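Q: Here's a sequence, model it:
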Amino acid sequence: MGRLFGTDGIRGIANRDLTCELATKLGRAAATVLTSKDTRHPRVIIGKDTRLSSDMLESAMAAGLCSVGASVVLLGVVPTPAVAYLVEKYKADAGVMISASHNSYEYNGIKIFSGDGFKLPDDLEERIESIILGEVQLPEPPADSDIGTVRTAPNALRDYIEHVKSTVHFSLDGLEIALDCANGSSSMTAETLFTELGAKVHMLSDKPNGLNINDNCGSTHMEQLIEYVRTHEGVDVGIAFDGDADRCLAVDENGDEVDGDFIMAICGLDMKSRGKLRKDCIVGTIMTNLGFVKFCESNGIRFAATKVGDRYVLEEMLLEGYCFGGEQSGHVIFRDFATTGDGQMTAAQLLSILKRRDAKLSSLRTVMDRYPQTLENIRVSQEGKLAFYTSVRVRKAIEAAQKALGDNGRVVVRPSGTEPLLRVMVEGPTLETTKEHCDALAAVIREELT
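A: Below is the predicted model:
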């Protein structure tokens, strides 16, 4: 697994790694694998984010799909969770999102959803890869009269907005919020959505030009939003989305960052108090802060940890019947309403709690204490990522750091699923301690694997 697909679809530099030829092949292969043989013209919807290459890849993907007889419905610029929702609402056989999420504009990616709105499991991705790589033959192309067609879905944005609105039962009237749209997909929806929910909105980074997506803005660059909240009196909350709006982070009224772990703690505890937290369990990942684990222990909530990636969080939720989970990065899944992480839905749920409780975000975040954490991303080659699993010296360095921290800390070192990086995370009792261990581990990794 992993020749083409990473933890979140296929991703790479557009027109170099992710080419039109690859997108066309992917369209043919996906339609072959995902649609039933008795469907003459299976329907596939395609959404995209705002980066320059998205139009090009959308056309190539649509061409590939049409060449094997699929009918294509173009949604235009929409959030990733809109594709996951609309694929079922529009009774499509599959959905495609063209986006590289939080990456800069030169990258792009292709995520595929099955007809029920879920990201593809590994076995289906492997079958698609086998066709693209020529290991499995495509069936004969259809006759001219059976080639697919392309049309647009003019109501896609409105249908998605109405869906998110339907999950909120309290008006946000009286709340003043700043929304950082990362010059991405939420630029098309956030102002309308939160204004119609009753909030007064201040819009930041909502003017995409194809090159400015995630450019010093959004959930991966919180400085702009933090500064805006701190310098604009009356703003109750800041919300930052990433490029495709499947994640969000928040800023409280004092300008302090509230990451995905805090958001899950606030929302999860609220759900438990209302009897909505199925099996009293929240699903996170191995990167979830140790403070969140302690929060769960203190509040009678079970915590289940998975590999990094919201797809693995969702798999655990579906396997065990849980309804809530997510990641520190801001991918939060409300399974009662969605099949994937949804930044705008998460923000709407969080804001509705503030309104219902007439509380400040700074007070709600006190339900959890965050353990100091140091993160470092180390660029390595593909060979270096593979050598990580067999390097004795790296393994011994990780074991030594964990032994030194004991029960008061945690070490996680893992290859990125989407980039040529090894990610090092150290938690401990003080920031100085975590930085010391993280720097030492990073030095060993650079010596051994770069």
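Q: could you pull out the strands for the stretch 151-300 of the chain?
A: Assigned by DSSP state E, counting those that start in this stretch, the stretch 151-300 of the chain shows strands spanning 176-180, 200-204, 237-241, 248-251, 257-258, 281-285.
Q: Of those, give the one that comes closest to Gly12.
A: strand 237-241 (22.8 Å; CB to CB). C-beta: built from backbone N, CA, C; applies to glycine.
Q: what angle sits between the closest one and strand 176-180?
A: 20 degrees (axes from the mean of the first three to the mean of the last three CA atoms, to 10 degrees).
Q: could you give the mean pLDDT of strand 237-241?
A: For strand 237-241, mean pLDDT rounds to 98.
Q: Indicate which one of the strands of the stretch 151-300 of the chain is closest to Leu157.
A: strand 237-241 (15.0 Å).
Q: Given that closest one, what are its sheet partners and their directions?
A: strand 176-180 (parallel), strand 248-251 (antiparallel) (DSSP bridges).
Q: Return the set of buried residues in the helix ranked longest in the chain.
A: Ranked by number of residues, the top helix in the chain under DSSP state H is helix 431-449. Using 16 or more other CB atoms under 10 Å as the burial criterion, the residues of helix 431-449 that qualify are 433-438, 440-442, 444-445, 448-449.
Q: got it, and stretch 269-284?
A: Quick answer for stretch 269-284 (16+ other CB under 10 Å): 269-272, 277-278, 281-284.
Q: CA-only coordinates of the longest helix of the chain in CSV, if you can.
A: Presented in CSV, the C-alpha positions along helix 431-449 are these (Å, rounded to 0.1, in the frame of the first residue of the first chain):
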residue,chain,number,x,y,z
LEU,A,431,8.5,22.8,27.5
GLU,A,432,12.3,22.8,28.2
THR,A,433,12.2,19.1,28.7
THR,A,434,10.3,18.4,25.6
LYS,A,435,12.5,20.6,23.5
GLU,A,436,15.6,19.0,24.8
HIS,A,437,14.5,15.5,23.9
CYS,A,438,13.0,16.6,20.6
ASP,A,439,16.3,18.3,19.6
ALA,A,440,18.3,15.2,20.5
LEU,A,441,16.0,12.9,18.5
ALA,A,442,16.0,15.2,15.5
ALA,A,443,19.8,15.3,15.5
VAL,A,444,20.0,11.5,15.5
ILE,A,445,17.4,11.2,12.7
ARG,A,446,19.3,13.8,10.5
GLU,A,447,22.5,11.9,11.0
GLU,A,448,21.0,8.5,10.2
LEU,A,449,18.3,9.2,7.6
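Q: hang on, the earlier thing: so for Gly326, which of the strands of the stretch 151-300 of the chain sits nearest?
A: strand 281-285 (6.9 Å).
Q: Provide a list of residue ranges in the chain with pLDDT below threshold.
A: Within the chain, the segments meeting pLDDT under 70 span 1-3, 7, 35-40.
Q: Residue ranges of each domain in it, please.
A: For the chain, automatic domain parsing gives the domain ranges 10-154, 159-367, 373-449.
Q: Include distance to Leu4 when you put the ones you listed into JSON lines, please.
A: Converted to JSON lines, these look like this (distance: least, CB to CB, whole Å):
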{"stretch": "domain 10-154", "distance to Leu4": "5"}
{"stretch": "domain 159-367", "distance to Leu4": "16"}
{"stretch": "domain 373-449", "distance to Leu4": "12"}
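Q: which among the buried residues of helix 431-449 gets closest to Gly260?
A: Thr434 (18.9 Å).
Q: mind listing what that closest one touches?
A: Contact analysis of Thr434 by CB atoms under 8 Å, 6 or more residues apart in numbering lists 372-374, 409, 426-428.
Q: if we go to 6 Å?
A: 372, 374, 426, 428 (CB atoms under 6 Å, 6 or more residues apart in numbering).
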